[in-house]
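K.L.:
predicted coordinates and the sequence they were generated for:
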Amino acid sequence: MSLLSYFRGETFARGVHPPQHKLTADMPIRRLPFAPRLIVPLSQHVGRPAKPVVKIGQEVVRGQPLAVADGFLSVPHHAPATGVVEDIRLHPTADGPWTECIILRVYSGSTQEVLWSAPRDLDALDTDGLAHAVQDTGVVGLGGGVFPTHAKLRVPKEFPIDTLVVNGCECEPYLTSDHRVMVERPRDLLAGIAIAQRLLGGPRAIIGIEDNKMDAVAAIRALLPEGSSVSVEAVPTKYPQGAGEMLIKTLVGREVPPDARAYTTGAYVQNVATLANLGQLMPKGQGFIERVITVTGTAIERPGNYLVPMGTPLKFLLDVVGAKDEALEVIFGGPMMGEAVSCLDTPITKGVAGILVLRGRDLAERSSRKTYPCIKCGECVGACPMGLNPSTLGMLAVKRMYDTMSEHYQLGACFECGSCSFVCPANIPLVQHFRVAKAVLRGRKS
Amino acid sequence: MSQNIAQITAPTMAPAVAPHAHGGGAVSRTMHLVQLALVPATLYGFWLYGWPAIILWALTVGFCLMWEGLSLRLSGQPAKRHLLDGSAVLTGWLLALTLPPWAPWWVALIGSFIAIVFAKQMFGGLGQNVFNPAMVARVALLVSFPVPLTLWVAPLPLFSAGAPGFLDSLHVILGAAPIPDAVTSASLLGYTKTELSRGVDLLHSLGAAHGGTVVSWIGNRAGSLGESASLLIALGGLAMLWLRVISWHVPVAMLLGVVIPAAIGHSVNPVRYLDVASHLLSGGVMLGAFFIATDYVTSPSTGPGKLIFGAGVGFMTYVIRTWGGYPEGVAFAVLLMNTLSPVIDRFTPPRILGRDRRGRPLEIKS
């Protein structure tokens, strides 16, 4: 997509251009050592928590299921390392202070080879069998949505899918894990796309990659045969290009109506990391036990793209990559939508694509920023990719007029990308206002 | 369970709300940029009208800060923070630019009181006011004290022969010495309006008074600080456009709102209606288009809304100038459109993704 088409509006309207800070874009994926103890929460996904199938004191090998799916909307979790189940107890995670977890003591002498797998002949499977095979990998939406992938791939028959939109935008500043996966594992990605295409009834696939990652575009394009049903498109680098609705608008030109799922438009979005993991794990019949995570930020001595075993405690990871003394804020995800973690015992789970560690200095700069009353400058109106009026919504939120916000100003369309707060010269915590409003409205409904 | 709690490290001290990044804009920065854009025109005005203008400007800005501080104090708000946000200074500055440069001190005192206390703080302070404070003050002053507010002086540049020194100027502003009659002059719009009402048509009145050159870009004629140097005002405005402090919508729409009816009127009857250049370069049109009507608080926030608002201000200005009782109409036009601003905002929302302009969900094409 050229500059010209950018001006012709062949992307979503508005949006923002935060500084990129992609410090780790050229750093190859490296493996993180195993922590002495891994903490595997039973719920790392949307849906019912998995059911443990191991007992305390039981020895497990790397890749073996620790817990199995409890029904359709659930996924299994596998042993990220060979060791012994030390305990099954409540432990703090990103989901909350007390979440049921399997604590695994890792055998330090083990080779940590993946010793458990259940390979299947994928070509011989029908779509139901293939969907089961997807569920057995334990893969969920790795862009952060953590919705079980097999469930997302089951699109109701009345909505035929004509386009599989593969989301390789990685529009969050700092993060480069998807970028590295696309550059280093394009074959896995294409294998995963083929599986998703089969499950969706054979749509064409378009891989959308922001044009700040042309090496990833080239790496994938080099593997595509003539007349392939898969194509790669460089899309304008603009936040939040990687939001599903935005990328559909950019690549397919369709708009997802409010309260409707994206697939009702015939376009279906899946993140590159999710598909690359499917492509890697499914042929071998292995479970999802590690993922590429960008560890970066001003307070990290050795930033990079690390292959991190699931369940690695944050503290161990920070010790390995060298968190400086001034490190104060640890964020799961990027600076725009990531969530600050309050406890360093929190384990890394499936939905974490990046870890951003900032210094006290950065925070002091931010907390010293004054908050003013809204002066209606309209910066937020010019930033909101959904076309909302955050300024008015913010004023209504202060007055607690939550019903007006939702009925007349379409609060429900907000997906909390943070563009409005980012540009606000009055430094009003707009996103926070909207979260509170949504929570109150949800509470009233139930 | 207790041994678990002991393991938990101290929570990080950071705020836990996304986004964790900020674009770096600040209200005070915006205010200061606007002030910076006003500097060239203001300095030129100072040179043109001498010490009295400088003293009046300083008094107006100073009084605005005083009233702002007092109001903040009385309403229990953090006075220091809001005083430094630059909004009171900007209001005072803009008001000073619209006053006759040799107006007495009490005009500054009362004007800044009306602007800050009545038009801004009584509505709830920064961001809450419905009307542009500087324009409320200007209109209130004009209606209450028509004589000092229409007593213009011919340019008498600093250090030129006959220009008053600092002390003499102080006497003029303090009202201890009258403004010498020889200096007073009428503004272009005021003069033509008076002459027209006496039945003298434009060809004769303008030919007699200005020797053919009706308007000048450098504003070497009687007027307020803000109308003298249209060129420098426009330059400041363009700088703000370039820095994205303001968007193009309001200035373009407002200028067109004046230009189009003026062009039509003048081409139909040049004897009765002033030409386009006179309309653009005299009075407060340039100041209004770039600095007054673009005020965030009192104008709509979407592109289409700004276009409607700007066009409305421009057109109303022309109507008031041409058919109204006052020679100049920018201030009235701005206030009139300020009342409509919330309504315009209501009816010109951006189109929400996946919805049509009225907010109804889009049909999915299959």
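P.N.:
Okay, I see it. Remember, predicted model here, so these are calculated numbers, not experimental data.

K.L.:
just give me the residue right at the centre of the chain.
P.N.:
Went with chain A since none was named. In chain A, the centroid-proximal residue (Cα atoms, centre = their mean) is A:Gly143; its distance is 1.8 Å.

K.L.:
switch to chain B, please.
P.N.:
B:Ile292 (3.0 Å).

K.L.:
how far away is that residue from chain A?
P.N.:
15 Å (Cβ to the nearest Cβ, to the nearest Å). For glycine as for every other residue, the C-beta is placed from the backbone atoms N, C-alpha and C.

K.L.:
show me the strands in the stretch 51-200 of chain A, by range?
P.N.:
A:51-52, A:59-60, A:65-68, A:77-78, A:83-93, A:96-106, A:163-168 (DSSP state E, counting those that start in this stretch).

K.L.:
from the chain's centroid, how far away is the third one?
P.N.:
Taking the mean C-alpha point of strand A:65-68 and that of its whole chain, the gap between them comes to 22 Å (Cα atoms, centre = their mean, to the nearest Å).

K.L.:
what pairs with that strand, and is each one parallel or antiparallel?
P.N.:
Here strand A:65-68 is paired, per DSSP bridges, with strand A:51-52 (antiparallel), strand A:77-78 (antiparallel).

K.L.:
quick check: which of those is buried the most?
P.N.:
strand A:77-78 (a mean of 28; mean count of other Cβ atoms under 10 Å in any protein chain shown).

K.L.:
compute the number of surrounding residues for the nearest residue to the residue nearest to the centre of chain A once chain neighbours are set aside.
P.N.:
In space, and not counting its chain neighbours, A:Gly143 is closest to A:Asn271: 3.7 Å by Cβ to Cβ, 6 or more residues apart in numbering or on different chains. By other Cβ atoms under 10 Å in any protein chain shown, the residues close to A:Asn271 number 24.

K.L.:
same check, this time on A:Asp126
P.N.:
A:Asp126: 9 neighbours (other Cβ under 10 Å).

K.L.:
same question, B:Leu241
P.N.:
Close neighbours of B:Leu241, defined as other Cβ under 10 Å, add up to 17.

K.L.:
what does B:Gly165 give?
P.N.:
B:Gly165: 12 surrounding residues under other Cβ under 10 Å.

K.L.:
over to it: give its phi and psi.
P.N.:
phi -80, psi -180 (degrees, to the nearest 10).

K.L.:
specify the local secondary structure of whichever residue of the stretch 101-250 of chain B sits closest to chain A.
P.N.:
Residue nearest to chain A within the stretch 101-250 of chain B (Cβ to the nearest Cβ): B:Gly127, separated by 3.9 Å. Following DSSP: H, G, I helix; E, B strand; the rest coil, we place B:Gly127 in the coil state.

K.L.:
how much space separates it from A:Cys384?
P.N.:
19 Å (Cβ to Cβ, to the nearest Å).

K.L.:
before we move on, back to that, tell me the most buried of the strands of the stretch 51-200 of chain A?
P.N.:
When those are compared using mean count of other Cβ under 10 Å, strand A:77-78 is most buried, at a mean of 28.
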